[in-house]
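Visitor: 3D, please:
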Amino acid sequence: MTAPLIIGGGLAGAAAGIDLARSGHAPLLLERETGPHDKICGEFLSGEAVAALAGLGEDARSLGAVPITRVEINAGQRQAAAALPFPALSLSRRVLDEAMLERAATAGVEVQRGVNVRGLADGVAQTSAGDIAAPALLLATGKHDVRGLPRPDGPDEIGFKMYFRDPALSRRLASTVAVTFFDGGYAGLQPVEGGRLNLCLLVNGAHYRELGNWPALLARLITEPALAALGDAEPLLPRPLAISRVPYGHLAGPTTDGLWRLGDQAAVIPSFCGDGMAIALESGRLAATMLAQGASAADYSQALLTRTRRPVRLAMAALAVARHPLGRLAAMAGLSAIPGGLALLARLTRVADPHALAPA
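Guide: Numbers count the residues shown, from 1 in each chain. Predicted coordinates:
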């Protein structure tokens, strides 16, 4: 095989595939899931993500995306709110990822589903469908690592996601993404298509084990004023999606093994910043551009690091402050006292202009 091999059919992998196909390559993309599926994700599409999707030919609004124009930060009884400094949307990964895979296939990407990658070595992927050799291996497996290529373990924290339905709460949160910090973690709540609300949260592992189970955690969450209405909301999944030890703050840096790492395999920004999907899309597009131009994986990883280092580190600093009660108190007081402070923070945690990543 002479075509690039993309491992993972999420946003990063699909974006890379579309732009590689446009540049005359015919990549093979392997996706382990056989059909549409939910993912642990806040499902917030920042202005950069919306623009990157448009550059790939996808209009998220036509897929039912909900406009998001306002951000709200909560900590106990305190609240700070601001208009977003960029147009944003909210759309489930189940819908968006499927649309992007379909677009990739239409563009000329060979998409094989239900294929698991068991290892990578010397330009060869060991898969459930046999060994596949490729001149370039693009690793886009999101939060899931390939055996033998682990990222550093994240802290003892667990991520959860649950959809809810509550018409009154949906009306209150119309066009709003609400982030709530509490002792032991934080939660994001926002509307998505179909009249649903997406609750995505990160909680300290010891805190969760003390509570014991999801119902107890939910009971704890609804003691927060900003989340109290969830007590009357209808859960829409049989059980929450969950994942542990996500390595927030991970920056892969210059590579020496020849792998092109995309999305969460390259840079993991705290989810409350809402830029994870933008990083995924833009890393895929940047990799495709540089690969088509003959650059090396090391050149690409350095270029991506230059774009992602500042927003990821700034987001980690903000998370460190928010994890402590006094830090939250000081931050909320500051955001309330400084006009435009919240909007400025939203701007500073964005990655580079997506137009700079468009294929030449």
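Visitor: need the longest strand for this protein.
Guide: Secondary structure of the chain per DSSP state E: the longest strand is strand 78-90.
Visitor: in its sheet, what does that strand sit against?
Guide: strand 44-45 (antiparallel), strand 66-75 (antiparallel) (DSSP bridges).
Visitor: Same list (the ones you listed) but as CSV, adding distance to Leu84, mean neighbour count and mean pLDDT.
Guide: All C-beta atoms are positioned from the backbone trio N, CA, C, and that covers glycine. Below are the strands paired with strand 78-90 laid out as CSV (distance: least, C-beta to C-beta, whole Å; neighbours: other C-beta atoms under 10 Å; pLDDT from 0 to 100):
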stretch, distance to Leu84, mean neighbour count, mean pLDDT
strand 44-45, 10, 28, 96
strand 66-75, 6, 21, 93
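Visitor: And those strands: which comes nearest Pro254?
Guide: strand 44-45 (29.2 Å; C-beta to C-beta).
Visitor: Next secondary structure after the closest one?
Guide: helix 47-55 (DSSP states H and E).
Visitor: so that following helix versus strand 78-90, what angle?
Guide: 10 degrees (axes from the mean of the first three to the mean of the last three C-alpha atoms, to 10 degrees).
Visitor: Which of the residues in helix 47-55 are classified as buried?
Guide: Of the residues in helix 47-55, Gly47, Glu48, Ala49, Val50, Ala51, Ala52, Leu53, Gly55 count as buried by neighbour count, 16 or more other C-beta atoms under 10 Å.
Visitor: Distance across stretch 98-118, terminal residue to terminal residue?
Guide: 23 Å (C-alpha to C-alpha, to the nearest Å).
Visitor: Kindly report the same for stretch 266-278.
Guide: Stretch 266-278 end-to-end distance (C-alpha to C-alpha) = 13 Å.
Visitor: Show me what Ala88 is bridged to.
Guide: Going by DSSP bridges, Ala88 forms beta bridges with Ile68.
Visitor: tell me which residues in stretch 223-243 are buried?
Guide: Buried, per 16+ other C-beta under 10 Å, within stretch 223-243: Glu224, Ala226, Leu227, Ala229, Leu230, Ala233, Pro240, Leu241, Ile243.
Visitor: could you dump it to PDB, C-alpha only?
Guide: Output of stretch 223-243 as PDB, limited to C-alpha atoms (Å, rounded to 0.1, in the frame of the first residue of the first chain):
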ATOM      1  CA  THR A 223     -27.100  20.800  45.100                       C
ATOM      2  CA  GLU A 224     -25.300  23.400  43.000                       C
ATOM      3  CA  PRO A 225     -27.700  26.300  42.200                       C
ATOM      4  CA  ALA A 226     -26.800  26.300  38.500                       C
ATOM      5  CA  LEU A 227     -27.500  22.600  38.200                       C
ATOM      6  CA  ALA A 228     -30.400  22.200  40.500                       C
ATOM      7  CA  ALA A 229     -33.000  22.000  37.700                       C
ATOM      8  CA  LEU A 230     -31.400  18.700  36.500                       C
ATOM      9  CA  GLY A 231     -33.200  17.100  39.400                       C
ATOM     10  CA  ASP A 232     -36.400  17.200  37.400                       C
ATOM     11  CA  ALA A 233     -34.900  16.500  34.000                       C
ATOM     12  CA  GLU A 234     -35.300  13.200  32.100                       C
ATOM     13  CA  PRO A 235     -32.000  11.300  31.500                       C
ATOM     14  CA  LEU A 236     -31.800  10.100  27.900                       C
ATOM     15  CA  LEU A 237     -29.100   7.400  28.100                       C
ATOM     16  CA  PRO A 238     -29.400   4.100  30.000                       C
ATOM     17  CA  ARG A 239     -26.200   5.100  31.800                       C
ATOM     18  CA  PRO A 240     -23.600   7.900  31.500                       C
ATOM     19  CA  LEU A 241     -20.600   7.500  29.200                       C
ATOM     20  CA  ALA A 242     -17.400   7.600  31.300                       C
ATOM     21  CA  ILE A 243     -13.700   7.800  30.900                       C
END
